[in-house]
Every structure is written in C-alpha cells, then in structure tokens.
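[1] Return a 3D structure for these sequence lines:
(chains A and B)
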Protein chains: 2
Amino acid sequence: MRVLTALPVFLLTTVTALIPGLTLADDTYRFDEQTLQAIHDLSDTALESDLAYEITRSLTTEIGPRLAGTAQEARAREWAVAKLTGLGFENVRVEPFDLDLWTRGTSVIEEAAITAPYPQHLHAISLGGAAATPDEGLEAEVVFFSSFDDLLAFDDSDDALAGKLVFINDRMVATRTGEGYGWANRKRQKAWFHAEDRGAAGVLIRSVGTSSNRFAHTGMMSRPEGRKAKIPALAVSAPDADQIERIHESGETLRVRLKTSAGWRGEATSGNVIAEITGAEAPEEIVIIGAHLDSWDNGTGALDDGAGVGIVTAAAKLIMDAGQRPRRTIRVVLFGAEEVGLIGARAYAQARKDDGTLANHVIGSESDFGAREIWRLNSNVGEHALPFFDAMHVQMQHLGITRGNNEGNGGPDMYPLQYMGMPVAGLDQNGEDYFEFHHTPNDTFDKIVPAEMAQNVAAWVMFTWLVADTDMTFRPGME
Amino acid sequence: MRVLTALPVFLLTTVTALIPGLTLADDTYRFDEQTLQAIHDLSDTALESDLAYEITRSLTTEIGPRLAGTAQEARAREWAVAKLTGLGFENVRVEPFDLDLWTRGTSVIEEAAITAPYPQHLHAISLGGAAATPDEGLEAEVVFFSSFDDLLAFDDSDDALAGKLVFINDRMVATRTGEGYGWANRKRQKAWFHAEDRGAAGVLIRSVGTSSNRFAHTGMMSRPEGRKAKIPALAVSAPDADQIERIHESGETLRVRLKTSAGWRGEATSGNVIAEITGAEAPEEIVIIGAHLDSWDNGTGALDDGAGVGIVTAAAKLIMDAGQRPRRTIRVVLFGAEEVGLIGARAYAQARKDDGTLANHVIGSESDFGAREIWRLNSNVGEHALPFFDAMHVQMQHLGITRGNNEGNGGPDMYPLQYMGMPVAGLDQNGEDYFEFHHTPNDTFDKIVPAEMAQNVAAWVMFTWLVADTDMTFRPGME
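    Just a heads-up that it's a prediction; the model follows:
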C-alpha cells in the first residue's frame, strides 16, 4: 500500500472512496489499550480540573504586569519557582540571561493630545524600544499615511517629514488564526526607522489589534542591527485613530503633543524557569512544553501569557499525579523576555546547542495564544510520524479539535529550537478575539473562560503524554 | 362602549376576543390622510438620511469632550449656535446660567495603584465632586465592603474606618431599560459622605456600568444640602475591582495609593442652546425636544449625548425641510450641564416658571440614552390623550416599536418640567449595551450604527410632527 502515499491526495481519496474494502493499514498508527486508557483518563481529569485557571489567577493577581527585565518579572520568576516546587516538580531552576532593558518610565501613563485644530486627549502608549520626548514634551504637525506602504513609497526629497509626526493608519482584520497580525505589525515594527531616517520627530500608529475599544496596543519595535530609536513612537487606540482620520479628511492641519519618558535603561537580568518530570526509561530524551512568564506592562498578562503558564503547568502536573511516569522527560519551560524579542527562547536554544543536548529535544510546543478553545492540531514533524499525529488527532475529536497540516509552528518561544531542527506541534487556539485584548490594559484575568481553559489542558495532557511515553521519533529522516 | 375602558384589562381583552365584531370605536383616534402622508414621508426621508450621524460626527470630532462649565463646553455652545443657524433654525440663542465648576485637574489622567501586597497599577477615575489627594498622593489600607448596604450597616464605633480607604463592590446588571443603573448608582452618589462621616481617608468603588473592559466609569456624586466632599472618591474598572476582590479574599492587607488633583474651582458659566421652528397657527404653544450638549471629560460624549444632539436636531431639520410648518412651535433645546446635576434643565424650567410660559409647553421629550434603536413608545399624558398616543404607536410599528405604558419619563432634562406638570413622551432606546460605554473613555463616535440612528430620527419626526401639528392637549384634565 505504501505506493498510495506517493499519489496526489485527491487521487488517494478517490481510490479509497471507490474501493470500500481498502484500508491503508500500513499508514494507520494505533495506540495500545493502556495508552488509550491513560490519555482518556487524563483528559477526563483535565476537563474537571480548575488547576490551570487557579495558576493563572495566582500569577495575574499576585504579580500582575511583568515586563521583561524589571523587578516585576523577577518576582514572577520567584513566584514560578515556588509554584512549581510546591506542585512537586523536579529540577526546578532558573536559567538567567542578560538583556537590554527598555521601560516606559515611571508610570504606565503617557500623555498624548491633539492640540490643533480641535484640542482633546488621545489614548496612546509607547511602543517597546521607543525613545522619550524632551522633558517638556514634543508638539508637531502630523503627516497622515493611509498605510505603511505609503510611507515606504513616500518621496521625501523636499524633507517633507522633517520635524513632523508620521501617522500610519493600517487596519488589522480579525481571524481565527490571527494571521492578520504579521501584516498589521509591519508598521509597529518598522515605521520608526523609516520615519527617523526621513527626519521625522516621531511616529504614531493606529493600534495593531482588532479592538474598537479605546485601548492603545503596545508591542516591540524591530531593532535592525541592534539599532535603538532616537524618536518617540506611540500607538493610539482605534477610536483615537478614527478621530485623527476624520480630522485629516477635513483638510485641517493636525498637531499633536506627546510626553513620555520611555527609553532604554542599560543591561538587566531575566531568566527562564525550568521544571521537570524525569522520564522513567529515557530521561535524557526531552519533551518541552512552554509558555512565557513575562508580559507587557499595561495589562496583567492574563491571556498573554498567564493562560499558557497555567495550561502547560497544569497539564504536566496532571500527568505527574496520574501515577505513572512517561518514558521521556517532560520539561516545562516558562520563558522570560518573550515580548521583547524572544530573548529567553534564544538563550535557551543557544545553551542547548552549546551543551550538546539540542538533539535530545524530541519535540516541543508552546501555549501562547490566549485561553479560548483549541480547535486544530498542527504538526511539523518527519513524514514517518504523521500517522502518529493523525492517530493522536482521532483521540482528541471529543474535544472538537480538527487535524490541520504538517506546516505548523510550535509557538513563538519554540521558533529558535524549531529553526535548529526540533520538531514541533501546534495546539492552535481560537484567536478570533485574541487581538481585542492582547497587549492592551484589557488583558486581564476576567477574560478567561474556565471551561475553555480546561479544554486546553485536556488537549495538552493527551499530546504531552503521547509524545512523552512513546519511543516514536519525530525528526525528519529519523524513522 | 366607554364603559369597557373601566373594566380590567384582562376582561377587556377577553371580551374583544370573544366578540370579533366589537370595536372600541370611541377610543380609537384616527389621523387624517394628510397627516398620515406627512409622517410617513418624513419617516421615509429620515430612514434615508445621515444628518443625525453627521451632526454627531461633527460635535464629537470638532469639540470632543465637553465637561460642564469648561472652555470645551463653551466651544460646544459656539459649535451648536453655528450649526443650528447654518441649518436654518429660527431664534437661535444661548441662555446662560452659572454653576459650581468641578474638574479633574490638569489632565484626565489620575494615578492609582495597589502598593501592597502585590504592587500594580489600577485604572481609576475620580467621581464628579470628589476632592484632591495631597500633592504627594495618599496611601492607605483598604476596607472592603461587598455592598453599599454593608457600609450603611457598618458599626464603626471603634473608628474602624478612620484614615482608611472604603471600597464598595456592588455590581450592576445589564438590562434593555437600563433599570439597574439607579440601584448601582447609590454607591457612586452617596458612599462618599457615609465614608467621610466615618473618618475615612477616601472612597473607591467598583465602576458603575456593565462593562468588563478596563475602563473606569465616572459620574456625579450627590451633594446633600450643597455639601462638598473633602475626601477623594474614585471608581476603578471592573477588572481592577476583581483584582481588589481577589486580594481581599486572600486575607492579605491591601493598600492603595492615589494621586489626583480633582476638585471644585469656583463659579463658572454654562448655557442652554435653543433653536426653533415657529408654529404656523399657535406659535406660543411649544413642543420641546431636547438633548444635552455637555459630556463627561473622559470620552467624547458620542452616545451620551452627542447622539441625542444629532437625533433631535436632525428630526427638527427634516420637519423644517418638509415644506409645511406645523401648528405649534418646535423648540430644540440642547441643554448644558446635564451630567453635573441637570443644572441646565433646572435653569430652563425655572426661567419658564418665572416668565409664565411654562403652561405653554404642550409636551416634551429628550433623547439621552445612546444611539441604539427605539423599541418602545411610552407616554405620561392625560388619560384623554392616550388614544392619540396609541394611534401614534400604530403608525410607528414599521420601525419595530412597541407601545409601553403611561408612566414614561421624558429623559433627564425633562424631569424639572415634568415635575412642574408638563406632559412627556419617552422614545425608549435599547440600552442593553449602553452601560458598556457610558461615562468611560470608550464613549466614542465609532460605537454608533448609522442605520440604528436613522431609525431613531424616523420615530422622532413622527412623534414631533404629530404632537406639533395637532390641537390635542396632553395635560391631565385638559380634554
């Protein structure tokens, strides 16, 4: 039958439909009865458990905002060590690393206002990496760009942007996959240096995100070749961007005043918090499940990514409590400094490359897309392992999960490891309203629905148990 | 048939159901064909018109926030005079009045933070009438009350509240009528003096309103016998109130720091803006349709009450443009200083009492509950005029409007006139999500749906034309 797998999918489908008796026996992976019993018991337990919810409640209440490199993030690491130790994990430890510290200044409050033609307050927030205004603030005329592409194409041979504030108005669209984010993010990441190079005094963007609520959306700016911005760069909320757009359309000259003390503060320490369930038979083989501990400073990081911390920690704990150790080691990694450029993830991957344990990482995944239900199982593994994932998916169908494709990603903090060849899985959450809350003050604990979170944990215990208790390899060419 | 109207309603219903040929001819009011043609033409025009939307766009963009007694409110009056004059209204004028000015200080930004046990920022806003903290701020322990009633019942014989911050956690429920607002508002209006009398250093309340968004909800505090608060009083957003509640439940001592420069600033001027369509046959008889021009300072007052300004102004303008003057004068009144205690409405009513024209006010109504569709026609008129209103309702059924009862109110700025005996009608809007936005930064123009606003105007042109072009009286005992 093997030959059939080389046929185009539509033909394969046709053949199996025409010949009812034909089954692709060689391609169907079957879990043994004991394994099936184990994962369904775990799923049942997870659906009844509020552990993930309670962990996230604890983190978001007792720490709250936890910007990378700050004392708040350090407190979050202490919280995580205490929590993971208290839950009974092994080898709980912090792996520290250094980073360039950026903060908003003394407060999350920054000042922005239209001064002409119609004076009024704006809801705005500095983007990560942006510079301060002068102490007395900065007031300048706004030059309106409908899109980031318009800025790129702008002919500034007459220094038309010198001393001006560049405003960019691109809108993001809501999707279940969140796929509009990358495109919408270009202005957030790159507008500053295009504007700075053209002599602009600062940058304003319509908030990335899909919310019509009056919250400005922060997030990190790019740093090409380590460059640091010399100009302020802020996002304004969608209703404020609408206001700017309406005034622009009126033809009046628009002036805005900004005051922020945002900026780089030298070197600081962050760290990844690691905890394990040592494998019974192949302890050196590692299944890594992750989330990130840091958050933006304007919310309490409940969806991004307190929920992920709760989900993967609870999943590992439920496996630990099920009474039987899996073959392989399950390593929970709560990454530091994700928001500011995957600094923790890069440090983790580099350390594994350096100590030679990278190849021991069998597979990994991160929960970092909120707390809504998981709707799709993606993979990014060797072809030989696809039947294993297809069979895993069959077992997850009671959770309403569909089978995606083999081009999945494992979440942001898996990127460096994935880039270095580690297979990943994607337990994809419904992101339709994720960007209503993400990176705004509105990312708070009340936005989490306990039953949806429990569904996440149910999928994670099944996935984690199956990949940790098998001797199946997932790397391409390793069958 | 008259006797039937004295029977209980259920019996009346039974009788008419049992005797198909029976009609209540005496009680059925019928508009003449010309009137029917006029109001349906007006309704059709209104449903196609974006005038209300454009007026509201102009006010919220070109003025934005307009707190009573401030320069912003004065600019709004100038805007209104120019707009009403430009639209062709007659007798456009401002009736000024004085008020005690209260402002938040130099900025809409106030500082609030939990300092212990888990330091983090709070989203908070002073309530109207609250006092400033000392310049350096105020930090104190929080005493948690689940409800306002618990504060009232609290035994403070041991000075347990002295120097503390009183926190009150009552939750408001969302309804179509908004009827939960009054109850929920008790804490906003009255907690400060109960707390101040018990020696408290300040008051914090869970925001009135139904939003789970991280916006704090402002609004005026009561001033019994003109008393002014000596302590700060702020609302925190629902997610922040949740945070305070969780920390309270943990048993830890909670401390909060506040910094605000809110306070009374002496006497200032506000004013009502008035415009008319002079009646063709009985110009001294006045139908008053109103809205309020002032808004809270944290939003742009789009739903409260820029929408009302747009709706009643557009309704009057469409009648003006229909080519036929109604019998009576239609008076559009855009009230000042509604939010801070119906100061404009009281001044208007007092002036009419003083100049003897109160009795000329045939009927009135205000649009001040957002911009969602009108779902109910209420009245508060003499019994003899009920058939007129029932017949009016029949003509509004194509707009999806139900007939309410005769215990309606005409909106906040009609209260003083209604109290003095003026009949009113209530064109009740769907308020299910009104308190998601009301009195928060989130009250912005993008929240208005043009088609819903047009439906409002359609109902208002029908109502306004019918009451202005009739010789029907509406006062009880005036048949």
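
[2] Tell me the residues on the stretch 51-200 of chain A that lie near chain B, please.
    By the rule CB under 8 Å from any CB of the partner chain, the part of the stretch 51-200 of chain A lying against chain B is A:57, A:61-65, A:72, A:107-109, A:111, A:114, A:117-121, A:123. For glycine as for every other residue, the C-beta is placed from the backbone atoms N, C-alpha and C.

[3] what do you get if the cut-off is 10 Å, keeping everything else the same?
    Contact residues, the stretch 51-200 of chain A versus chain B (CB under 10 Å from any CB of the partner chain): A:57-58, A:60-66, A:71-72, A:75, A:79, A:107-111, A:113-114, A:117-123.

[4] Go ahead and flag the most central residue of chain A.
    Nearest to the mean C-alpha position of chain A, by CA atoms, centre = their mean, lies A:Asp368 at 4.1 Å.

[5] coming back round to it: please indicate which of the residues of the stretch 51-200 of chain A next to chain B are buried?
    A:57-58, A:60-66, A:72, A:75, A:79, A:108-111, A:113-114, A:118-123 (16 or more other CB atoms under 10 Å in any protein chain shown).

[6] Just those: which are in helices?
    Among these, the members falling in helices (DSSP state H) are A:Arg57, A:Ser58, A:Thr60, A:Thr61, A:Glu62, A:Gln72, A:Arg75, A:Trp79.

[7] so which pair among those residues is furthest apart in space?
    A:Arg57 and A:Gln72 (17.2 Å; CB to CB).

[8] ok, now which ones touch A:Ile231?
    The neighbours of A:Ile231, taking CB atoms under 10 Å, 6 or more residues apart in numbering or on different chains as the test, are A:130-133, A:138, A:165-166, A:192-193, A:195-196, A:199-203.

[9] What of A:Ala275?
    A:80-81, A:83-85, A:87-93, A:313, A:316-317, A:330-334.

[10] Show me the strands in the stretch 301-450 of chain A, by range?
    In the stretch 301-450 of chain A, the strands defined using DSSP state E, counting those that start in this stretch lie at A:328-335, A:361-366, A:374-380, A:402-403, A:424-429.

[11] how many other residues sit next to the closest residue to A:Ile277 other than its chain neighbours?
    Nearest non-adjacent residue to A:Ile277, counting by CB to CB, 6 or more residues apart in numbering or on different chains: A:Ile330, 4.5 Å away. By the criterion of other CB atoms under 10 Å in any protein chain shown, A:Ile330 has 26 neighbours.

[12] Please point out which parts of stretch A:140-154 sit buried.
    Judged by neighbour count (16+ other CB under 10 Å), stretch A:140-154 contains these buried residues: A:Ala140, A:Val142, A:Val143, A:Phe144, A:Phe145, A:Phe148, A:Leu151, A:Phe154.

[13] Isn't the last one up against A:Lys164?
    No. A:Phe154 sits out of contact with A:Lys164 when judged by CB atoms under 10 Å, with a separation of 11.4 Å.

[14] what is in contact with the two at once?
    Both A:Phe154 and A:Lys164 are contacted by A:Val143, A:Ala195, A:Arg198, under the criterion CB under 10 Å, 6+ apart.

[15] Low-confidence bits of the stretch 51-200 of chain A, can you list those?
    Where the stretch 51-200 of chain A drops to pLDDT under 70, the residues are A:106-109.

[16] One more: the stretch 201-350 of chain A?
    Within the stretch 201-350 of chain A, no range satisfies pLDDT under 70.

[17] give the contact list for the residue of it found nearest chain B.
    For the stretch 201-350 of chain A and chain B, the shortest gap (CB to the nearest CB) falls at A:Pro239, measuring 3.8 Å. Contact analysis of A:Pro239 by CB under 10 Å, 6+ apart lists A:122-123, A:207, A:211-215, B:60, B:299-300, B:302, B:441-447.

[18] With A:Ser261 instead?
    With contact set as CB under 10 Å, 6+ apart, A:Ser261 has these partners: A:Thr103, A:Arg104, A:Gly105, A:Thr106, A:Ser107, A:Glu110, A:Ser126, A:Ala131, A:Ala132, A:Thr133, A:Asp135, A:Pro232.

[19] will you turn the residues you listed into CSV that also has distance to B:Ile286?
    What follows is these, written out as CSV (distance: CB to CB, whole Å):
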residue, distance to B:Ile286
A:Thr103, 60
A:Arg104, 55
A:Gly105, 56
A:Thr106, 56
A:Ser107, 52
A:Glu110, 49
A:Ser126, 54
A:Ala131, 60
A:Ala132, 58
A:Thr133, 53
A:Asp135, 56
A:Pro232, 54
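
[20] Which ones among those residues map onto strands?
    Cross-referencing these against strands under DSSP state E gives A:Thr103, A:Ser126.

[21] Show me which of the contacts of A:Ser261 are buried.
    Buried among the contacts of A:Ser261 (16+ other CB under 10 Å): A:Thr103, A:Arg104, A:Glu110, A:Ser126, A:Ala131, A:Ala132, A:Thr133, A:Pro232.

[22] Out of these, flag the one nearest to A:Gly408.
    A:Ser126 (33.5 Å).

[23] In the sheet, which residues pair with the closest one? Tell me.
    A:Leu234 (DSSP bridges).

[24] Going along the chain, name the helices of chain A.
    For chain A, the helices defined by DSSP H cover A:9-18, A:33-48, A:51-62, A:71-86, A:148-153, A:180-197, A:238-250, A:307-321, A:343-355, A:386-395, A:415-419, A:434-437, A:450-468.

[25] what's the most buried one of those?
    helix A:307-321 (a mean of 27; mean count of other CB atoms under 10 Å in any protein chain shown).

[26] Compute the inter-axis angle for it and helix A:33-48.
    Put simply, helix A:307-321 runs at 130 degrees to helix A:33-48, going by axes from the mean of the first three to the mean of the last three CA atoms, to 10 degrees.

[27] of all the shared contacts of A:Phe154 and A:Lys164, which comes closest to A:Asn409?
    Among the shared contacts of A:Phe154 and A:Lys164, and counting by CB to CB, the member closest to A:Asn409 is A:Ala195, at 30.7 Å.

[28] dump the residue contacts of the closest one.
    When contacts are counted by CB under 10 Å, 6+ apart, A:Ala195 touches A:143, A:145, A:151, A:154, A:156, A:161, A:164-168, A:201-204, A:229, A:231, A:233.

[29] Report the beta-bridge partners for A:Asp255.
    You called it Asp, but residue A:255 is Arg. Here A:Arg255, judged by DSSP bridges, has bridge partners A:Ala116, A:Glu141.

[30] What about it, how many residues nearby?
    17.

[31] pretty sure A:Arg198 contacts A:Ala162?
    Yes. Assessed by CB under 10 Å, A:Arg198 is found in contact with A:Ala162 at 7.5 Å.

[32] of the shared contacts of A:Phe154 and A:Lys164, closest to chain B?
    Nearest to chain B out of the shared contacts of A:Phe154 and A:Lys164 is A:Val143 (CB to the nearest CB; 19.2 Å).

[33] What backbone torsions are found at A:Asp433?
    Dihedral pair for A:Asp433: phi -110, psi 10, per degrees, to the nearest 10.

[34] Can you tell me how far it is from A:Gly370?
    8 Å (CB to CB, to the nearest Å).

[35] Who has more neighbours out of those two?
    More crowded of A:Asp433 and A:Gly370, by other CB under 10 Å: A:Gly370, with 29 against 16.

[36] How about the contacts made by the more buried one?
    A:178, A:302-305, A:307-308, A:429-438, A:443, A:447-448, A:452-453, A:456.

[37] Please apply the same query to A:Gln324.
    Neighbour list for A:Gln324: A:Gln34, A:Ala38, A:Ala280, A:Trp465, A:Asp469 [criterion: CB under 10 Å, 6+ apart].

[38] same thing with A:Asn91?
    Residues near A:Asn91 by CB under 10 Å, 6+ apart: A:Leu84, A:Ile274, A:Ala275, A:Glu276, A:Ile277, A:Thr278, A:Thr329, A:Arg331.

[39] List buried residues within those.
    A:Leu84, A:Ile274, A:Ala275, A:Glu276, A:Ile277, A:Thr329, A:Arg331.

[40] Would you list the phi and psi of the nearest residue to the third one once chain neighbours are set aside?
    Which is A:Ala275. Leaving aside its sequence neighbours, A:Ala275 sits nearest to A:Phe89 (CB to CB, 6+ apart; 3.6 Å). When read as degrees, to the nearest 10, the backbone of A:Phe89 gives phi -70, psi 160.
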